[in-house]
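Undergrad: Take a look and give me a structure for this.
(2 chains)
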There are 2 protein chains.
Amino acid sequence: MATEIKELTSKKENYAKWYNDLVIKAELAENSAVRGCMVIKPYGYSIWERIQRQLDDMFKATGHENAYFPLFIPKSFFSRESEHVEGFAKECAVVTHYRLKNDPSGKGVIVDPDAALEEELIVRPTSETIIWSTYKNWIQSYRDLPILCNQWANVVRWEMRTRLFLRTAEFLWQEGHTAHATREEAEEETLRMLDIYSDFAENYMALPVLKGVKTASERFAGAIDTYCIEALMQDGKALQAGTSHFLGQNFAKAFDVQFLNKEGKRDYVWATSWGVSTRLMGALIMAHSDDNGLVLPPNLAPYQVVIVPVYKNDEQLAQINAKLQPLIDELRASGIRVKYDNSQNKKPGWKFAEYELKGVPVRLTMGARDMENNTIEIARRDMLTKQTVDFDRVMTTVKTLLVDVQKNIFQKALDFRASQTFTIETYDEFKHKIEEGGFLLAHWDGTAETETLIKEETKATIRCIPFDGDKTSGRCMVTGKPSVGRVVFARSY
Amino acid sequence: MATEIKELTSKKENYAKWYNDLVIKAELAENSAVRGCMVIKPYGYSIWERIQRQLDDMFKATGHENAYFPLFIPKSFFSRESEHVEGFAKECAVVTHYRLKNDPSGKGVIVDPDAALEEELIVRPTSETIIWSTYKNWIQSYRDLPILCNQWANVVRWEMRTRLFLRTAEFLWQEGHTAHATREEAEEETLRMLDIYSDFAENYMALPVLKGVKTASERFAGAIDTYCIEALMQDGKALQAGTSHFLGQNFAKAFDVQFLNKEGKRDYVWATSWGVSTRLMGALIMAHSDDNGLVLPPNLAPYQVVIVPVYKNDEQLAQINAKLQPLIDELRASGIRVKYDNSQNKKPGWKFAEYELKGVPVRLTMGARDMENNTIEIARRDMLTKQTVDFDRVMTTVKTLLVDVQKNIFQKALDFRASQTFTIETYDEFKHKIEEGGFLLAHWDGTAETETLIKEETKATIRCIPFDGDKTSGRCMVTGKPSVGRVVFARSY
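TA: Presented below is the predicted three-dimensional model:
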């Protein structure tokens, strides 16, 4: 009987190991036989499906449609946009042949040297190039604009050091690619999508995020401006949870995508792109979980409520089943995702630990005494607290609790971030403080040189120039040169 | 103004060109810059999304969960299962390098010869090997079984002659991979999924299918038995719309996946796999459409109803808008997918042609006279007929009509198939009849030799040994040897 309770390394002891243990033991994902590529297991994938579904609804509600573009990109496409090639064409999976043949030595198969491709194909690391080469045929006049496409897809970036969900060679994501007649409309779109990401992060993932713009050196390769949402993990490191890029006319120029505007003049099309990936799974795990396992926000939990019966014999179980069935039906009818685990080959203690590990927000337990007293025990995962309530009050209690848990998880993360956000005046203070993690708000002179120096000396990067930051001017903590406002520094994933 | 009405080549004139025209002009898909890879355009993708959602619901209702496995498969994995390698490892995309570098000559990028992979990676043509190498770690005892996983993914099979949706190098599909403790359970699962496919094909795609089992030479490479659903297209050619494979213990043996059974003995795990792909889009298009364009079954149409106002001036339009809004709300509230196209830059005639081309099942038209008479015009796409009904009856009429259209499209396809299904006694008759297309029911001696001969001489293959076929014994039409029942021959896609 698989009743061994899976213990995690504690966060305090070894945060990285705690994270990896949790991902494996909660059956979210695991490493595969292919270096850098993960297997997303059913429980992990069911969370990703909820993320997908919610984002997809939000994209569609703002007029976007899904489409699908090729996995492969001709090598030459990358050279069209000079910055893009530097950022993306280097560490990538290259398809050079299209056939294998039997090894003449009789052992297995070898690459057929006669089947070399004329031009090598790159497995997409991002799809701007193939999509803009396609848009060229879709756009003639302003009447063909805007194009508001999104794609759910797998992408590959060859990574040397990988970590489940956070950095993998292959990952799943969505990439929006929009085309517009004017600069203003494209800029609006870029910010609209950033708002959707931040709304999603805060209200579904219960993850407070800072919205802001990246510095030039942290920009997407080929973008005019990269906007981002930045979150703080429990170890004090930042995680970029989503980006939205204003691409200007760069890709339109690279792929010669022109249109006839309302004034009858030819102009290049304006572009945006924006994406979030399975990296969000890493953020979700790291932001809320504890030494007992995952803590999932109810809005994304595959099961919001798990019900465990505690019984001595089959007769008791039958009574509890009969008592609970109308409740289960009622919970489901009101849209609550419920799992009733009355499996007989696992003990209640094992089930309690397992559903704690898997982060189910609310657990109901019903035993013989509850049957006698017409009560039920309700436990909440975020606080690890329990209460016994009158059975007739369970529906309303559960409904209220799910809302409470969602709010509480967010508030906890918000309070944590507030406690880990520091206004820094001197570089000495900065160097000291950065060792403890957190967001450091400091003045910077706006140059790439200073940014690089700070990164080399402290491993901290500018996460963003925050929209809602302190805009009072000051002096760069390193060079003393003028600064127009504080930026957010952190070490990051 | 984009008011040019897009004419299709007629089916009769050139069926292949009609199909290609339709796919392009209805904006379902197009060829990309990458040979053999298609772009699925938003309208085409929205139909695929409906297919996905419905199948996914059916998979989940039968206990399946989604997961995700790597895009890449180490080359050596293919050699593990001897038949599988012959079937799949040959025509495939091979990743040999993981880096590009700047061309020393200064022009673009080249493959970095120092970044050759130790073992080449194959872009998955199907995932049995990578999945069974993973399952090995998931399965120790019968308590870990069954595993009921499905994956929605892209796969690549290098095809020399490609056709949009029907045969492309990259395509989208789902692949179910299940693991079981007993042969019986795996066989049951294989047939359960075949039933789901046939239920989906008939009740959602309105596509009548024959269920049956493939002959040995048409089996999936590595399967013990391949079951299939076969549909007949309007040109008399067959299309395999889905397959479900009983894999026996072949992959468990190839990847050494053993488990401790209830009796405490070690045994190899039993397997199934089953899949449908974007090929279904091709079947959907070819089964029902006509010279005016797509004919979509209401159950899969992105828009089930389109409403077009006909007006002379802004005042009239405003009146029509006001009159229609409550109807639109009511239709949507009752779950009907409605598009109201009151765009002013297209004429009604252009809109009628466009929505006919796009296969919208029901069109409502409201003009000045309808306003006066409190009526509305209702057109059905499948029959190309119109009626004027009292405005107060429009809700009930539309609801009834959507059910009728779904039924009628299926019945039409069923009648067509009946008219194109022939019982054949002699090989001479067969050779003559096969030129006209259709399903030919004939006796066959059960040997691969005869099957090959027939294929070489007539281009016809055995589509399946049908479950509901004529089981009376007879003599092979070619060799005169005994036959246990008729099999289904056809030329196919």
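Undergrad: which SSE is the residue of the stretch 301-450 of chain A found nearest chain B in?
TA: Using Cβ to the nearest Cβ, A:Asn345 is the residue of the stretch 301-450 of chain A that sits closest to chain B, at 6.9 Å. (Glycine included, C-beta is placed from N, CA and C.) Counting by DSSP states H and E, no helix or strand carries A:Asn345.
Undergrad: OK, contacts around A:Phe165?
TA: Going by Cβ atoms under 8 Å, 6 or more residues apart in numbering or on different chains, A:Phe165 touches A:Val23, A:Leu28, A:Ala29, A:Met38, A:Thr278, A:Arg279, A:Met281, A:Gly282, A:Ile285.
Undergrad: Once you drop chain neighbours, what's closest to A:Val360?
TA: Excluding its sequence neighbours, the residue lying closest to A:Val360 (Cβ to Cβ, 6 or more residues apart in numbering or on different chains) is A:Val306, at 4.5 Å.
Undergrad: beta partners for the one you found?
TA: Counting by DSSP bridges, A:Val306 is bridged to A:Lys339, A:Arg363.
Undergrad: Residue ranges in chain A under the pLDDT threshold?
TA: Residues of chain A meeting the criterion pLDDT under 70: A:1-5, A:89.
Undergrad: just the helices in it please.
TA: With DSSP state H as the criterion, chain A has helices at A:15-25, A:42-61, A:75-78, A:82-88, A:128-138, A:183-203, A:250-254, A:279-288, A:314-333, A:348-357, A:368-373, A:394-419, A:427-433, A:448-458.
Undergrad: Check which residues of the second one are buried.
TA: Translated: helix A:42-61. Going by neighbour count (16 or more other Cβ atoms under 10 Å in any protein chain shown), the buried part of helix A:42-61 is A:42-52, A:54-56, A:58-59.
Undergrad: for the longest one, same thing?
TA: Residues of helix A:394-419 classed as buried under the neighbour-count rule (16+ other Cβ under 10 Å) are A:394, A:397-398, A:401-402, A:404-406, A:408-410, A:412-413, A:416-417.
Undergrad: hmm, back to that, of the buried residues of helix A:42-61, closest to chain B?
TA: A:Pro42 (3.8 Å).
Undergrad: Quick check: bridge partners of the residue nearest to that closest one when sequence neighbours are not counted?
TA: Leaving out its chain neighbours, the residue that sits closest to A:Pro42 by Cβ to Cβ, 6+ apart is B:Glu65, at 3.8 Å. Following DSSP bridges, B:Glu65 is listed with bridge partners B:Cys149.
Undergrad: Pull up the distance across stretch A:254-263, start to finish.
TA: End-to-end distance of stretch A:254-263 (Cα to Cα, to the nearest Å): 24 Å.
Undergrad: what does stretch A:332-346 give?
TA: Stretch A:332-346: ends 24 Å apart by Cα to Cα.
Undergrad: Other residues contacting that stretch?
TA: A:1-3, A:301-309, A:317, A:320-321, A:324, A:328, A:331, A:351, A:354-355, A:360, A:395, A:398-399, A:402, B:143.
Undergrad: again with stretch A:126-136
TA: Identification of contacts with stretch A:126-136 by Cβ under 8 Å, 6+ apart yields A:69-70, A:73, A:77-78, A:80-81, A:84, A:88, A:124, A:147, A:149, A:151, A:153, A:155, A:175, A:177, A:179, A:222, A:247, A:251-252, A:254-257, A:269, A:271, A:273, A:275, B:32-34, B:39.
Undergrad: chain center to that stretch, what's the gap?
TA: Stretch A:126-136 has its C-alpha centroid displaced from the chain centroid by 24 Å (Cα atoms, centre = their mean, to the nearest Å).
Undergrad: go on, stretch A:13-23?
TA: Chain-centre distance of stretch A:13-23: 18 Å, with Cα atoms, centre = their mean.
Undergrad: Can you report phi and psi for A:Asp235?
TA: The phi and psi values for A:Asp235, taken as degrees, to the nearest 10, are phi -90, psi 10.
Undergrad: For it, give its distance to chain B.
TA: Note on A:Asp235: its distance to chain B, by Cβ to the nearest Cβ, to the nearest Å, is 27 Å.
Undergrad: what's the distance between that residue and A:Tyr19?
TA: To A:Tyr19, A:Asp235 is 9 Å away according to Cβ to Cβ, to the nearest Å.
Undergrad: More neighbours: which of those two?
TA: Comparing A:Asp235 with A:Tyr19 by other Cβ atoms under 10 Å in any protein chain shown, the one with more neighbours is A:Tyr19, at 24 against 17.
Undergrad: Skipping its backbone neighbours, what lies nearest A:Gly485 in space?
TA: Closest to A:Gly485 by Cβ to Cβ, 6+ apart is A:Lys471, at 4.3 Å.
Undergrad: how close does that neighbour get to A:His443?
TA: Taken as Cβ to Cβ, the span from A:Lys471 to A:His443 is 11 Å.
Undergrad: can you check A:Arg417 too?
TA: 21 Å.
Undergrad: okay, and the common contacts of A:Lys471 and A:His443?
TA: By Cβ under 8 Å, 6+ apart, A:Lys471 and A:His443 have these common neighbours: A:Gly485.
Undergrad: Those two: who's more crowded?
TA: A direct count of neighbours by other Cβ under 10 Å for A:Lys471 and A:His443 places A:His443 higher, at 25 against 11.
Undergrad: isn't that one right up against A:Thr472?
TA: No. A:His443 is not in contact with A:Thr472 according to Cβ atoms under 8 Å; the separation is 9.4 Å.
Undergrad: between these two, what contacts are shared?
TA: A:Gly485.
Undergrad: I'd like the helices of chain A written out as JSON lines, with distance to B:Glu118 added.
TA: Shown next, in JSON lines, are those (distance: least, Cβ to Cβ, whole Å):
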{"stretch": "helix A:15-25", "distance to B:Glu118": "25"}
{"stretch": "helix A:42-61", "distance to B:Glu118": "29"}
{"stretch": "helix A:75-78", "distance to B:Glu118": "22"}
{"stretch": "helix A:82-88", "distance to B:Glu118": "24"}
{"stretch": "helix A:128-138", "distance to B:Glu118": "29"}
{"stretch": "helix A:183-203", "distance to B:Glu118": "39"}
{"stretch": "helix A:250-254", "distance to B:Glu118": "35"}
{"stretch": "helix A:279-288", "distance to B:Glu118": "28"}
{"stretch": "helix A:314-333", "distance to B:Glu118": "51"}
{"stretch": "helix A:348-357", "distance to B:Glu118": "37"}
{"stretch": "helix A:368-373", "distance to B:Glu118": "60"}
{"stretch": "helix A:394-419", "distance to B:Glu118": "43"}
{"stretch": "helix A:427-433", "distance to B:Glu118": "41"}
{"stretch": "helix A:448-458", "distance to B:Glu118": "33"}
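Undergrad: Minimum distance to A:Val111: which of those has it?
TA: helix A:75-78 (17.9 Å; Cβ to Cβ).
Undergrad: And the closest one, what's buried?
TA: A:Lys75, A:Phe77, A:Phe78.
Undergrad: Among those, which ones lie close to chain B?
TA: A:Lys75, A:Phe77, A:Phe78 (Cβ under 8 Å from any Cβ of the partner chain).
Undergrad: And for the second one, nearest residue in space, chain neighbours not counted?
TA: So that's A:Phe77. Leaving aside its chain neighbours, A:Phe77 sits nearest to A:Thr129 (4.0 Å; criterion: Cβ to Cβ, 6+ apart).
Undergrad: burial of that neighbour, as a residue count?
TA: So A:Thr129, with other Cβ under 10 Å, has 28 neighbours.
Undergrad: What parts of the stretch 101-250 of chain A come near chain B?
TA: Checking the stretch 101-250 of chain A against chain B by Cβ under 8 Å from any Cβ, the hits are A:101, A:107-109, A:111, A:120-123, A:130, A:133-134, A:137, A:143, A:149, A:153-154, A:156, A:158, A:170, A:172.
Undergrad: Buried ones from the residues you listed, can you make that a ChimeraX selection?
TA: In ChimeraX, this line selects whichever of these come out buried by 16+ other Cβ under 10 Å:
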select /A:109,111,120,121,122,123,130,133,134,149,153,154,156,158,170,172
